[in-house]
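>>> whatever this is, show me its structure:
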Amino acid sequence: MARAATSRLKVNPPLGRMPVLQFMAPGELRIDASYQRSIEAGDSKTLIRKIAQHWNWDLCQPLVVARRPDGGLFVIDGQHRLEAARMRRDIAQLPCVIVDYKSAADEAASFVHLNQQRRPLGKLDLFKAALSSGDPQALGIQAKLEAAGLCLAPHMSSISWKPGQVGNIGGIEQAVRHHGIDVAGEAIEMLACAFAGEVLKYAGTIFPGLVSICAEVCRDGAVFPPSRFAAFTAKLGSIGQVQLRKDIMALHAERTDLGRVQAAQVHLTGLFWPERAQASAETPAPRVEDPAPPRTKALHFETDQPVAAGGDGKAWCEQCDMRVTLDQATGCKSRWCSMRKVA
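As a prediction, the model looks like this:
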């Protein structure tokens, strides 16, 4: 008789020794600069000052500390928290997980493993946390999404998204900051109506153009004409997300002066106001004495296919919600980053 399949996880024997939790004075802890990252950079100094200024014990996770054979205590993880505590001078003790190591090389190996296993929080993760904490802007965005019949995607891998799920939360937050919640809500509604029942895989590419249209039409509190809204969303739906994205990326590749967001704005406003696009096409282009800088090839994160990037060698990353280089993508630790796999 065949044995029933089991779902038990096969595991390896645990490595190392169980650590000890202790409270240590900041003055007892040291940093080994041979493998630790420097904190002299501006962003590290800013982070340390922020932690020191707004010290919160609820957010202070235990530091990981190595105890060497001579008794020396060296921080493996928690350098910024340690420096912030020293800056305040009213933090007498810090919670520490003490681990015995034979050498600095073993400490450095643990430092590498700790940082490789740590997944950086993306825009979507941070938004969900802000939503749980009752942040007013996050709650406002959530209300607009629900009113449009949309919801947050569970993660940034669009392969398994369901229709009506959105992951371009960074672009939505930017629209709220620049134009207000009402304009962002109108653009969200337009997105939902144009591609109802579809997986919104390219919402991040299309959305900035919708925001630009809604910001102009709804200026000074004006109401978007319902008939114009219905006609334009129907037009977008007939073109389709895939073709819209192709057209936007083609314009982005052709126009060296346009980023991807600007290309979306130019293309979609041209669809909404065809007369403007026609007038622009009939206007002679200004003479350029110097040739445009050579364009390089980068990989677009949504498809892993080569697309033209600007002269800076960057391409748009939906996960980071910004333009990044191939070298930056190589160091990305997010498992949702398709760029990292092919960089």
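
>>> only C-alpha atoms for contact and neighbour calcs from this point on.
Noted.

>>> tell me the secondary structure for the closest residue to residue 210 other than its chain neighbours?
Leaving out its chain neighbours, the residue that sits closest to residue 210 by Cα to Cα, 6 or more residues apart in numbering is residue 187, at 5.4 Å. Three-state call for residue 187 (DSSP: H, G, I helix; E, B strand; the rest coil): helix.

>>> quick one: the strands in the protein, in order.
Using DSSP state E, the strands of the chain run over 20-24, 29-30, 63-67, 73-77, 94-100, 151-152, 165-166, 297-299, 306-308, 314-317, 322-325.

>>> how far does the first one sit from the chain's center?
Relative to the mean C-alpha coordinate of its chain, strand 20-24 is positioned 35 Å out (Cα atoms, centre = their mean, to the nearest Å).

>>> what of the third one?
Its chain's C-alpha centre and that of strand 63-67 lie 30 Å apart, by Cα atoms, centre = their mean.

>>> show me where the stretch 51-200 of the chain has helices.
Here the stretch 51-200 of the chain has its helices, by DSSP state H, counting those that start in this stretch, at 79-88, 104-117, 123-132, 136-147, 169-179, 181-194.

>>> least reliable of those helices going by mean pLDDT?
When the helices of the stretch 51-200 of the chain are ranked by mean pLDDT, helix 104-117 comes last with a mean of 77.

>>> CA atoms only for that one, dumped as PDB, please.
C-alpha atoms of helix 104-117 as PDB (Å, rounded to 0.1, in the frame of the first residue of the first chain):
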ATOM      1  CA  ALA A 104      35.600  38.800  13.600                       C
ATOM      2  CA  ALA A 105      35.300  36.700  10.400                       C
ATOM      3  CA  ASP A 106      32.400  34.800  12.000                       C
ATOM      4  CA  GLU A 107      30.800  38.100  13.000                       C
ATOM      5  CA  ALA A 108      31.100  39.500   9.500                       C
ATOM      6  CA  ALA A 109      29.500  36.300   8.000                       C
ATOM      7  CA  SER A 110      26.500  36.800  10.300                       C
ATOM      8  CA  PHE A 111      26.400  40.400   9.400                       C
ATOM      9  CA  VAL A 112      26.100  39.400   5.700                       C
ATOM     10  CA  HIS A 113      23.400  36.800   6.400                       C
ATOM     11  CA  LEU A 114      21.300  39.100   8.500                       C
ATOM     12  CA  ASN A 115      21.300  41.800   5.800                       C
ATOM     13  CA  GLN A 116      20.600  39.200   3.000                       C
ATOM     14  CA  GLN A 117      17.600  37.800   4.800                       C
END
